[in-house]
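**Q** Predicted model, plus sequence, below.
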Amino acid sequence: MCGIVGYIGYQQAQDLLIAGLQRLEYRGYDSAGVAIVAEDGLRVRKQKGKVRELAEAVGEASLVGTLGIGHTRWATHGFPSDDNAHPHLNAAGDFALVHNGIIENYAALRERLQQKGYRFRSQTDTEALVHLIDDVRKATGLPLEEAVRQALTQVVGTYGLAIVSAEDPDLLIAARNGSPLILGVGEGEYFIGSDAAPLVEHTRQVVYLNDGEMVVVRRGGYEVKTTDNVRLTKEIHQLEWDLGEIEKGGYEHFMLKEIMEQPTSLEDCMRGRISVENDTIKLGGLIEVLDQLRTARRIIIAACGTSWHAALVGEYMIEELARIPVEVEYASEFRYRNPIIGEGDVLMVISQSGETADTLAAVREARRRGVLVLGVVNTVGSTIARETDAGVYLHAGPEIGVASTKAFTAQVTVLAMIALKLAEGRTLSDAEHREALRALAAIPEQVRQVLTLDDQLRQMAQVYRYASNFLYLGRGYNFPVALEGALKLKEISYIHAEGYPAAEMKHGPIALIDQFMPVVVLALKDNTYDKIVSNIEEVAARQGSVIALTDEGNGALDDLCEYVIRIPTTAAFLSPLLSVIPLQLLSYHIAVMRGCHVDQPRNLAKSVTVE
Ligand code: G6P
């Protein structure tokens, strides 16, 4: 949440910072601002609204300077407004700070500082930190970087922050505790980003800051130390991102691009890992821990949002194919309820960004208790990827659209590979394993076929765009898909939608069904098909409008349903990879037709780095 960008070098900072903020806008988009160190002091522009509006304001002002910081905000403390937008300045206006995270002891700090005469101009927690730094600097007479370090030792909470000062035009300070921050290393220039998106077009060399670390950057070099003042030598990593991957490539929205990319993102996810000829699956990141995983007493999967839905599919897969008990937890619940985990348990976390605060906290809690922790993560080098014992990358490429699509299918694909690997030579016969692997290898091509339904789904969206509620029903492997379909719709179109296990409908949601309630039913020809047809009958009998999703060649539902979407047949455990795609497209088209901002839905952010 909240995007941070910083630059120090020889280029004009203004355009570079704005471009960086535009690339980071998926992290927050209620207000934005920049501070540039100009010859005559700090130049600051900040305002409520999108980065585009800030760009227009800044463009007119034309800020000159080769050092600066920028921020795009997702409000936590204080509503979106010009005053609450970052950067925040000290009273004298000689340094500026941008912050992502939450200063938990801000109220106590604020009171103390107010008593000392500090006047607050915003409702943010961040401003308390600015005045605290100012206070430490005045009281000690220390240089800014040292005052920042000492102030941070008094802070409780999370931060990724960047600071520039009018008094030192060759100084950029950044620090991290709980909110991601990356240093981009160029030639005579350096970049700060809360993720890699604003850096890729400038440099591939990055240093990942860890919690409790700060970096003092000058044009001639940088120094990383802990906030306890221990100097560190950090490894420089090579970014794998490609610029084209973070651009829209001709599509109107990132979300549509990412939906359409799924055949290739799934090929990339499986590349080098499955071999149909040899009937093998190789997951390099798990080799060392495979025995421990196979003999696990229990696997707990923790995740949030769409990743949690993928985890549910994983539970069904691993239990059915490998016969290992699996429990799925919301990461936010897991960490606070003193979970019973111990010897023989394995925690697996799933996260697209690798930065979700609650998921990261679950990782740390399990590690503290000595449990093996595995990560299924998309973003290479992210905090969760670095802090887990082992894991599997999705290799789905960067996902920019706030509503997750290609990450979900890649997560399910990785979980399918893990389930099959665990089942290999144990719970599946060679023939069953081979057949399952063939089915998995065929998925990208089948996804391509499903994507050709786009026109049909756009037409359906015309009909359903005015609905106020939607119900999604599924059973077995497609129950999590019902949840994901409902989540996609509510996230981007603001239509209220609920996903339910189809049989549970009779225990409540059926009361809501009338002619105004569209019901999407995942009716694939697996072992629950007959039951789900009965559920469709029950909805139809109450005049609900049923949209059924079923297998190619199945005409049996045509008379019962308003619309029938037909997708290719695959093995039951892989069906979520195909069935979710029409639901992604339906949500996308409805949201576009309702005039919603698909890539930046209100109140949401791509990466939830605060609790
Ligand atoms: C946010 C995003 C979702 C995502 C969830 C978990 O809510 O908007 O798309 O599923 O966070 O994020 P993660 O990066 O951990 O998968």
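**A** It's in.
**Q** ok, residue 232 to residue 346 distance?
**A** 31 Å (Cβ to Cβ, to the nearest Å). In short, each C-beta sits where N, CA and C put it, glycine included.
**Q** If we go by neighbour counts, what in the helix-or-strand element of the chain with minimal mean pLDDT is buried?
**A** Every helix and strand of the chain was ranked by mean pLDDT, DSSP states H and E. The lowest is helix 51-61, at a mean of 88. Neighbour-count burial for helix 51-61 flags 51, 54, 55, 58 (criterion: 16 or more other Cβ atoms under 10 Å).
**Q** Can you name the residues in contact with that helix?
**A** If you take Cβ atoms under 8 Å, 6 or more residues apart in numbering as the criterion, helix 51-61 is touched by 14, 18, 21-22, 25, 29, 32-34, 43, 45-47, 72.
**Q** picking up where we left off before, for residue 232 and residue 346, indicate the residue with more neighbours.
**A** The neighbour comparison of residue 232 against residue 346 (other Cβ atoms under 10 Å) goes to residue 346, with 24 against 14.
**Q** Tell me which helix or strand the closest residue to residue 194 other than its chain neighbours sits in.
**A** Among residues not flanking residue 194 along the chain, residue 4 sits closest, at 4.3 Å (Cβ to Cβ, 6 or more residues apart in numbering). In this assignment (DSSP states H and E), residue 4 forms part of strand 3-8.
**Q** Adjacent strands (with direction) for that strand?
**A** strand 67-73 (antiparallel), strand 190-193 (antiparallel) (DSSP bridges).
**Q** if we can go back for a sec, could I get the buried residues of helix 51-61 as a markdown table with distance to residue 545?
**A** Output for the buried residues of helix 51-61, formatted as a markdown table (distance: Cβ to Cβ, whole Å):
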| residue | distance to residue 545 |
| --- | --- |
| 51 | 40 |
| 54 | 44 |
| 55 | 44 |
| 58 | 49 |
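**Q** the strands in the stretch 1-150 of the chain, which residues?
**A** 3-8, 31-38, 41-48, 67-73, 88-89, 95-100 (DSSP state E, counting those that start in this stretch).
**Q** between those strands, which one is nearest to residue 408?
**A** strand 3-8 (23.0 Å; Cβ to Cβ).
**Q** Mind listing residues that contact that closest one?
**A** For strand 3-8, the external contacting residues (Cβ under 8 Å, 6+ apart) are 13, 16-17, 20-21, 24-28, 66-72, 98-100, 160-162, 164, 170-172, 174, 181, 189-195, 198, 217-219.
**Q** For residue 46, give me its contacts.
**A** 31, 32, 33, 34, 54, 71, 82, 85, 86, 87.
**Q** so which of those residues is the most crowded?
**A** Neighbour max across the contacts of residue 46 (other Cβ under 10 Å) = residue 71, 35 neighbours.
**Q** Look up which residues are beta-bridged to it.
**A** residue 4, residue 33.
**Q** so who does it touch?
**A** So residue 71 contacts 2-5, 21, 32-34, 46, 85-87, 98-100 (Cβ under 8 Å, 6+ apart).
**Q** Past the longest helix along the chain, which element shows up next along the chain?
**A** The longest helix of the chain (DSSP state H) is helix 430-451. Next along the chain after helix 430-451, taking DSSP H and E as the criterion, comes helix 454-464.
**Q** and the angle for that next one with helix 430-451?
**A** Between helix 454-464 and helix 430-451, the angle comes out at 60 degrees (axes from the mean of the first three to the mean of the last three Cα atoms, to 10 degrees).
**Q** quick check, distance from helix 454-464 to the centre of its chain.
**A** Helix 454-464 sits 28 Å away from the centroid of its parent chain (Cα atoms, centre = their mean, to the nearest Å).
**Q** Are there helices or strands packed against that helix, and which ones?
**A** On a contact count with 3 or more Cβ pairs under 8 Å, 6 or more residues apart in numbering; DSSP states H and E, helix 454-464 meets strand 563-567, helix 575-593.
**Q** Could you confirm whether the longest one reaches the ligand?
**A** This points to helix 575-593. No - using Cβ under 6 Å from any ligand atom, we find that helix 575-593 stays clear of the ligand, coming within 12.0 Å at best.
**Q** Helix 454-464 and that helix, what's the angle between them?
**A** Using the same axes, to 10 degrees, helix 575-593 lies at 60 degrees relative to helix 454-464.
**Q** chain center to helix 575-593: distance?
**A** Worked out by Cα atoms, centre = their mean, helix 575-593 lies 19 Å from the chain centre.
**Q** Pretty sure residue 99 is one of the things residue 126 touches, is it not?
**A** Yes - between residue 126 and residue 99 there is a contact under Cβ atoms under 8 Å: 4.2 Å.
**Q** got any residues that touch both of the two?
**A** 86, 88.
**Q** and the residue of the stretch 201-350 of the chain nearest the ligand?
**A** residue 305 (2.8 Å; Cβ to the nearest ligand atom).
**Q** packing partners for whichever strand in the chain runs longest?
**A** Using DSSP state E to define each element, the chain has its longest strand at strand 168-177. Strand 168-177 sits against strand 3-8, strand 67-73, helix 144-152, strand 159-165, strand 190-193, strand 213-218, with contacts defined as 3+ Cβ pairs under 8 Å, 6+ apart.
**Q** Does residue 389 touch residue 372 like I think?
**A** Yes - judged on Cβ under 8 Å, residue 389 makes contact with residue 372 at a distance of 5.6 Å.
**Q** Common neighbours of those two, please.
**A** Joint contacts of residue 389 and residue 372 (Cβ under 8 Å, 6+ apart) are residue 289.
**Q** For the ligand, which of the strands paired with strand 3-8 is the nearest?
**A** Short answer: strand 67-73, nearest of the strands paired with strand 3-8 by Cβ to the nearest ligand atom, at 15.4 Å.
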